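> quick one, fold the following:
(2 chains)
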There are 2 protein chains.
Amino acid sequence: MPVYEAFVEVQLRAGIADPQGATIERALPALGFPTVGGVRAGKSFRFRVEAADEVQARGTAEALADRLLANPVMERFSVGIVPL
Amino acid sequence: MPVYEAFVEVQLRAGIADPQGATIERALPALGFPTVGGVRAGKSFRFRVEAADEVQARGTAEALADRLLANPVMERFSVGIVPL
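The predicted structure is shown next:
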């Protein structure tokens, strides 16, 4: 069966406090990055999926992200699929 | 000055143990995902960069990722830039 690589990005929803991003942002001017702002921190995951086609691979990756990788109340996710 | 959105993905280098990914992977068969394997967990960041052009924005984002977001000894990163 074909194998796909899935990439899942998990980000906090807009409006949910992001202390890690805020801490990074506070450090930026002192570190010489005055042109950077709006920092949001999240998680990323990569994994392999065996599936009949790309649509099925995406379905599996989205189900996994929704059930295991992200907390849908506080987080949103996006999924990318590439053939291996 | 133009504003760009930067996306940084930080992943552990190949060969560096990834306990979070391994834990997720062990849970998959029991959760109904027998076709998924090779799980690697990482971090993601999004931020805005003011820059004269996309090349300069990418330079700033890569410097920030290298100095602040990733530990280059254990982690690698990739940077994406899109105009806002």
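> what does chain A put close to chain B?
A:1, A:7, A:9-11, A:21, A:24-25, A:27-28, A:31, A:33, A:35-51, A:60, A:63-64, A:67-69 (Cβ under 8 Å from any Cβ of the partner chain). Bear in mind the C-beta positions are built from the backbone N, C-alpha and C, glycine included.
> drop anything exposed from those.
A:7, A:9-11, A:21, A:24-25, A:28, A:33, A:35-36, A:39-51, A:60, A:64, A:68-69 (16 or more other Cβ atoms under 10 Å in any protein chain shown).
> just checking, which of these belong to strands?
Members of those lying in strands (criterion: DSSP state E): A:7, A:9-11, A:36, A:39-50.
> touching the helix or strand bottoming out on mean pLDDT in chain A from outside, list them.
Lowest on mean pLDDT, DSSP states H and E among the helices and strands of chain A sits helix A:19-27, with a mean of 95. Residues outside helix A:19-27 that contact it (Cβ atoms under 8 Å, 6 or more residues apart in numbering or on different chains): A:36-41, B:45, B:47, B:68-69.
> between that helix and strand A:36-50, how many degrees?
Inter-element angle recorded for helix A:19-27 and strand A:36-50: 140 degrees (by axes from the mean of the first three to the mean of the last three Cα atoms, to 10 degrees).
> the residue nearest to A:A6 when sequence neighbours are not counted: neighbour count?
Excluding the flanking residues, the one nearest A:A6 by Cβ to Cβ, 6 or more residues apart in numbering or on different chains is A:A61, at 3.9 Å. A count of nearby residues for A:A61, using other Cβ atoms under 10 Å in any protein chain shown, gives 26.
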